[in-house]
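K.L.:
Quick one, what's the 3D model for this:
(one chain, ligands or ions: 1)
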Amino acid sequence: MTNTVLLTGASSGLGLAIARLLCRGVDRLILTARESSLPRLEAAGIQASERVRLRALDVTQSSQRRAVVAEAEADWGGVDVLINNAAVTYRAVVEHVNEAERLAQMDVNFLSPMHLMRLVLPGMRAKRAGRIINISSVGGMMAMPTMSIYSASKFALEGVSEALWYEVRPWGIKVTLVEPGFIHSRSFANTRYTVDGQDSMLHADDPYHAHYENMAPFIARTMMRSWATPESVARKVVRVMRAKRPPLRVGATLDAPMFSLFRRLTPQRLYNALLFRMLPNVRRWGPPSPDHS
Ligand SMILES: NC(=O)c1ccc[n+]([C@@H]2O[C@H](COP(=O)([O-])OP(=O)(O)OC[C@H]3O[C@@H](n4cnc5c(N)ncnc54)[C@H](OP(=O)(O)O)[C@@H]3O)[C@@H](O)[C@H]2O)c1
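P.N.:
Sure thing, here's the model as predicted:
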């Protein structure tokens with residue numbers, strides 16, 4: 001059966017890899033990116049055609065969200081598969097995220113995917129079929145220092161997706177969270193620093209300087225060492241899209257199920273203590289305290 005697939009954030013990384021893979025299939029595609037990033041899709045060899053539309057969609061823009069879904073409804077009978085992939089990543093400790101930055105993070109990664117889900121669900125319910133694939137993260141099941149607000153956005157996406165899984169099952173609508181761990185890509189270059197985070201990075205005497213100084217290269221190194229690529233994760237996403245009975249959560253990299261088992265099977269206090277000890281150079285993150293031992 002030919003489906004209509006709506007993909008967000010198709011201009012780079014995982015989104016671009018999913019777009020490339022989908023172009024080889026037979027589905028009707030609405031591949032979206034922010035207007036300024038659309039040319040990158042064409043530069044990557046993705047051409048518009050009878051079954052492939054390239055559309056501007058800043059996921060935070062209500063009018064653009066409505067326009068792409070309305071177009072799919074008018075021309076192709078609605079969206080059968082929604083892939084919420086677009087995201088931004090702020091790296092900041094809790095004390096360094098101001099209100100505007102908090103809202104920006106939650107808007108792209110949580111509120112906008114939720115708006116899109118709400119737009120496509122009535123059509124899916126009418127057809128008694130449909131799939132919603134939300135790209136989450138291992139950061140959506142375990143939080144790391146300096147990734148507070150990113151994790152909060154993915155935890156929120158996980159909560160809503162889990163509730164939705166039950167809510168729309170009676171209509172045969174399938175909801176899946178794809179959870180990648182570290183992906184070997186240069187996406188860490190897109191990580192945003194908050195105003196206070198940036199300031200802390202530049203000043204060695206800032207109380208949180210060591211947090212950033214150690215976490216940023218640690219995450220970049222771990223990503224570059226990962227075996228998973230945007231292409232391997234994209235294959236997983238497309239497999240989920242075709243699966244008859246996809247589970248609610250799919251670990252999308254080799255490390256993802258490991259992290260999940262570690263999180264679920266280790267007693268909570270031990271888990272937190274072990275993770276703390278594993279943080280790079282954590283003993284140098286602050287003044288010595290008995291809690292650090
Ligand atoms: N890379 C990893 O290791 C990793 C691990 C776990 C989960 N993930 C998740 O995987 C997904 C893809 O991430 P990635 O690694 O491919 O990162 P990426 O290369 O930074 O891609 C993010 C995409 O989201 C788009 N985007 C950002 N804000 C947008 C907005 N307001 N409207 C529409 N599009 C917007 C970006 O567009 P522009 O090009 O216009 O900025 C870009 O295409 C995300 O959900 C991320 O959280 C990634």
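
K.L.:
buried stuff in stretch 254-270?
P.N.:
Residues 255-257, 259-260 are the ones in stretch 254-270 that count as buried (16 or more other C-beta atoms under 10 Å). For glycine as for every other residue, the C-beta is placed from the backbone atoms N, C-alpha and C.

K.L.:
Please identify the residues of the stretch 1-150 of the chain in proximity to the ligand?
P.N.:
With C-beta under 6 Å from any ligand atom as the criterion, the stretch 1-150 of the chain meets the ligand at residues 8-9, 11-15, 33-34, 37, 57-60, 85-88, 108, 135, 137.

K.L.:
would a markdown table of the buried residues of stretch 254-270 with pLDDT be doable?
P.N.:
Listed next are the buried residues of stretch 254-270 as a markdown table, based on pLDDT from 0 to 100:
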| residue | pLDDT |
| --- | --- |
| Asp255 | 95 |
| Ala256 | 96 |
| Pro257 | 95 |
| Phe259 | 95 |
| Ser260 | 95 |
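
K.L.:
just these now: which is nearest the ligand?
P.N.:
Ala256 (8.6 Å; C-beta to the nearest ligand atom).

K.L.:
Contacts only, for that closest one.
P.N.:
138, 179-181 (C-beta atoms under 8 Å, 6 or more residues apart in numbering).

K.L.:
Now go through these and say which are in strands.
P.N.:
Glu179 (DSSP state E).

K.L.:
Of all pairs in the buried residues of stretch 254-270, which one is the farthest apart?
P.N.:
Asp255 and Ser260 (9.5 Å; C-beta to C-beta).

K.L.:
the helices in the stretch 151-293 of the chain, which residues?
P.N.:
Using DSSP state H, counting those that start in this stretch, the helices of the stretch 151-293 of the chain run over 195-202, 209-225, 230-242, 255-265, 268-278.

K.L.:
ranking those by burial, who's on top?
P.N.:
Looking across the helices of the stretch 151-293 of the chain with neighbours counted as mean count of other C-beta atoms under 10 Å, the highest average goes to helix 230-242: a mean of 19.

K.L.:
Redo the helices of the stretch 151-293 of the chain as TSV? Include distance to the ligand.
P.N.:
Output for the helices of the stretch 151-293 of the chain, formatted as TSV (distance: least, C-beta to the nearest ligand atom, whole Å):
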stretch	distance to the ligand
helix 195-202	17
helix 209-225	5
helix 230-242	6
helix 255-265	9
helix 268-278	17
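
K.L.:
Now name the helix or strand holding Val59.
P.N.:
Under DSSP states H and E, no helix or strand contains Val59.

K.L.:
Let me see the contact set for it.
P.N.:
Counting by C-beta under 8 Å, 6+ apart, Val59 has contacts 8-9, 65, 84, 86, 108, 112-113, 115-116.

K.L.:
closest to the ligand among the contacts of Ala256?
P.N.:
Set against the ligand, the nearest of those by C-beta to the nearest ligand atom is Pro180 (3.9 Å).

K.L.:
Nothing else from me, thank you.
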